[in-house]
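# Provided below are the primary sequence and the corresponding predicted coordinates.
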Amino acid sequence: MTPATREQRCWVHKTADVIDCLPKSAQPAARKALQEIYNAESREHAARTAEVFARQYGAEFPKAVKKITDVEDELLAFYDFPAEHWIHLRTTKPIESTFATARLRTKAVRGSDGRTPAVSPVFKLVESARNRWRSVNSPHVVALVRAGACFERGHPAEPTPAVAA
């Protein structure tokens, strides 16, 4: 990771981690509370909802709450990008499913000498999987993200006017 790269934790995996720390009776309500965090309309609202989650579950299930509070900044990093892209940034599942397919199909090739025999089948599998990938919402905004534009509440932030000296 380069110094300018931001880290976004996967909400699907984090939710599973948190739910695993809870008894079955508390899981449905906790899952709903976690969904309220990552589906909030802004980072501020998500942070407040995370505080509510911490107060609600912290006394009885501190291990579960710690899994959210320790990495809250990484979990909420997607709010600093265009709102149209939030759905893509919250989870790593699409990436993992592509590589899982390739990993399963290349198990038989692993015993062969070197990585060369696996490269061609993996390339073909990923190329085939590409046809099923979902396109990025609002692809025209990607150029702004790549250019380093700042976003507030999912929308481009107004540039601060330069102060004349």
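Thanks, I have the structure now. Every value quoted in this text rests on a predicted model; they were computed, and no experiment measured them.
# residue 144 versus residue 124, what's the distance?
Using C-beta to C-beta, to the nearest Å, we find residue 124 at a distance of 34 Å from residue 144. (Glycine included, C-beta is placed from N, CA and C.)
# these two: who's more crowded?
residue 144 (15 against 12; other C-beta atoms under 10 Å).
# ok so that one is a strand residue?
No. Residue 144: not assigned to a strand; according to DSSP: H, G, I helix; E, B strand; the rest coil it is helix.
# residue contacts, it?
Shown in contact with residue 144 (C-beta atoms under 8 Å, 6 or more residues apart in numbering): 82, 156.
# for the one 3 residues further on, same thing?
When contacts are counted by C-beta under 8 Å, 6+ apart, residue 147 is found next to no other residue.
# now do it against residue 156, distance only.
11 Å.
# what about stretch 9-23, average pLDDT?
The average pLDDT within stretch 9-23 is 94.
# any idea which helix or strand comes after the worst-scoring helix or strand of the chain on mean pLDDT?
Lowest on mean pLDDT, DSSP states H and E among the helices and strands of the chain sits helix 93-105, with a mean of 66. Tracing the chain past helix 93-105, the next element assigned as helix or strand by DSSP states H and E is helix 116-130.
# just name whatever secondary elements that following helix is in contact with.
helix 93-105 (3 or more C-beta pairs under 8 Å, 6 or more residues apart in numbering; DSSP states H and E).
# in this protein, which spans are helices?
Counting by DSSP state H, the segments of the chain that form helices are 11-20, 27-38, 43-57, 62-69, 72-75, 86-89, 93-105, 116-130, 142-146.
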